[in-house]
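Trainee: just a sequence and a predicted model for now, questions to come.
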Amino acid sequence: MKSVIAPVFKELSDEYGSRAQFIKVDVDDNAEAAQKYGVSAMPTFLFVKGGEVVDRLMGANAARLKELIEEWSF
């Protein structure tokens, strides 16, 4: 996730970290996780609640990422 979205991810994790967990996974080092969650594009953001993927965002859309974090981090 070494792109323009990386600093945004860090800012959002600082802002919403008390309401949600932010985890980065390098799919090159963890192909099993990529396969398990169907990650086929970089970056892909998964929103997991109760152990289930409830939403996903593919691509570096900072505005949409923030919207989804606000939606799911209650």
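Mentor: Cool, the structure landed.
Trainee: all contacts plus neighbour counts: C-alpha atoms, from now on.
Mentor: OK.
Trainee: report the central residue of the protein.
Mentor: Here the mean C-alpha position of the chain is nearest to the C-alpha of residue 45 (C-alpha atoms, centre = their mean), at a distance of 2.9 Å.
Trainee: if we ignore the residues flanking it in sequence, what's nearest it?
Mentor: residue 57 (5.0 Å; C-alpha to C-alpha, 6 or more residues apart in numbering).
Trainee: same check on residue 56?
Mentor: The spatial neighbour of residue 56 that comes closest, neighbours along the chain excluded (C-alpha to C-alpha, 6+ apart), is residue 46 at 4.5 Å.
Trainee: backbone phi and psi for that neighbour, please?
Mentor: The phi and psi torsions at residue 46 (degrees, to the nearest 10) take the values phi -110, psi 140.
Trainee: give me the pLDDT value at the residue nearest to the centre of the chain.
Mentor: Predicted confidence (pLDDT) for residue 45: 97.
Trainee: before we move on, the earlier item: pretty sure the residue nearest to residue 56 is touching residue 53, no?
Mentor: Yes - the pair residue 46 and residue 53 passes the contact test of C-alpha atoms under 8 Å, sitting 6.5 Å apart.
Trainee: much appreciated, bye for now.
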